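In: Sharing a model that was predicted from the sequence below.
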Amino acid sequence: MALMDLGIVIVNYNTRDLLRRCLETVFANRGATFRVCVVDNNSQDGSAEMVAETFPQVMLIRNRQNVGYPAANNQGLRRLGFAAGAWSEAPRFGLLLNPDTELPPDAFARMLAFAETHPRAGVIGPKLVRPSGDLDLACRRTFPSPEVSFYRITGLSKLFPRHRRFGQYNLTYLDPDQTAEVDAVVGAFMLVRREAMREVGLLDDSFFMYGEDLDWAFRIKAAGWNVYYNPEVTVLHVKRAASRQNPKSRIEFWRAMEIFYRKHYAAQTPRWLHYMILCAVRAQTRWMALRVKAGF
């Protein structure tokens, strides 16, 4: 029996209308076989009820609390078969998809065709555009090493976006229509090969939101797989539809940066620089916490 092409996980938090449109575009896709699992993180806007009523073919997991983005994605991936004891029947690829995306009808077929011609591609992401038509810069990235993060925090990446050194954070020196091997793509549309997933494991749920996609790509690349940005497929991304409803998301961004740094860079960073980095990240975290508490 042929394996399913895709196991798609959509984690939702209070984005009912966007989720409906996303699912409409998912099921309008042709040229690929797939199953969809929506994991609802205790939405209060009727999202889960909408899915159950309008899309009965979707696997639906209803969480009683917001468990975070990576933990919820892992729930969906396991339900779809990406788990110990079930790998032989799991789909060929897992796809993390945000509910605030809209897909062209050939998105899956074209991404799978790209994967077939790049057998060492462990992760593939498309070109993401905002409703304004601007590129979502997060769709192709370099890992936030201390050096790359310094260029970002100091504003050098914005001052010199076309510079190959200063523009590394979002690879702004590359043509948006140029296929490229990159460090990471964003979890809004992240296609992951089953074999790569089996080798490195699922997402790290010590993250709550932000950073987990970077961490997954880092581990997959470290295992010898490649990560590609494929602009032959363009996907609309509203962006931050769920996170803007949660003021603590700004705190979680900096907490995620500390987790990522400790996992992947702290051990080889000189002690003096290590403490400077931790002080800077924690200062930002506290500053954001104060702003959230004050209602800004």
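Out: Yes, it's here. Residues are numbered from 1 along each chain as shown.
In: Not counting its neighbours along the chain, what's nearest the residue nearest the centre of the chain?
Out: Taking C-alpha atoms, centre = their mean, the centroid of the chain lies closest to residue 187, which sits 1.1 Å from it. Nearest non-adjacent residue to residue 187, counting by C-beta to C-beta, 6 or more residues apart in numbering: residue 213, 3.6 Å away. All C-beta spots, glycine's among them, are computed from the backbone N, C-alpha and C.
In: helix, strand or coil for residue 62?
Out: Here residue 62 is recorded as strand under DSSP: H, G, I helix; E, B strand; the rest coil.
In: wait, what's in contact with it?
Out: Applying C-beta atoms under 8 Å, 6 or more residues apart in numbering, we find residue 62 in contact with 40, 42, 48.
In: picking up where we left off before, I'd guessed the residue nearest to the centre of the chain sits against residue 210; true?
Out: No: with contact defined as C-beta atoms under 8 Å, residue 187 does not reach residue 210; the gap is 9.3 Å.
In: now what about the helix or strand containing residue 40, what contacts it?
Out: Using DSSP states H and E, the element containing residue 40 is strand 34-41. Strand 34-41 has contacts (C-beta under 8 Å, 6+ apart) with 4-13, 19, 23, 26-27, 47-48, 51, 55, 57-63, 65-68, 72-73, 75-76, 79-80, 91, 95, 108.
In: In PDB, list the C-alpha atoms belonging to it.
Out: The C-alpha trace of strand 34-41 is given here as PDB (Å, rounded to 0.1, in the frame of the first residue of the first chain):
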ATOM      1  CA  PHE A  34      -2.700  14.000   2.600                       C
ATOM      2  CA  ARG A  35      -4.300  13.900   6.000                       C
ATOM      3  CA  VAL A  36      -4.900  17.000   8.100                       C
ATOM      4  CA  CYS A  37      -4.800  17.300  11.900                       C
ATOM      5  CA  VAL A  38      -5.900  20.600  13.500                       C
ATOM      6  CA  VAL A  39      -4.800  21.100  17.100                       C
ATOM      7  CA  ASP A  40      -6.800  23.700  18.800                       C
ATOM      8  CA  ASN A  41      -5.100  25.400  21.800                       C
END
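In: and that strand, how far from the chain's centre?
Out: For strand 34-41, the gap between its own C-alpha mean and the chain's C-alpha mean amounts to 15 Å (C-alpha atoms, centre = their mean, to the nearest Å).
In: Could you do stretch 112-124 as well?
Out: So, by C-alpha atoms, centre = their mean, the centroid of stretch 112-124 is 17 Å from its chain's centroid.
In: CA atoms only for it, dumped as PDB, please.
Out: Included here for stretch 112-124 are C-alpha records, laid out as PDB according to Å, rounded to 0.1, in the frame of the first residue of the first chain:
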ATOM      1  CA  LEU A 112       6.800  17.400  -3.400                       C
ATOM      2  CA  ALA A 113       8.200  17.600  -6.900                       C
ATOM      3  CA  PHE A 114      11.000  19.800  -5.500                       C
ATOM      4  CA  ALA A 115      11.600  17.300  -2.800                       C
ATOM      5  CA  GLU A 116      11.900  14.400  -5.300                       C
ATOM      6  CA  THR A 117      14.700  16.200  -7.100                       C
ATOM      7  CA  HIS A 118      16.500  17.100  -3.900                       C
ATOM      8  CA  PRO A 119      16.600  13.700  -2.000                       C
ATOM      9  CA  ARG A 120      18.800  15.200   0.800                       C
ATOM     10  CA  ALA A 121      16.400  18.000   1.500                       C
ATOM     11  CA  GLY A 122      15.300  17.400   5.100                       C
ATOM     12  CA  VAL A 123      13.300  20.700   5.200                       C
ATOM     13  CA  ILE A 124      11.800  22.800   2.500                       C
END
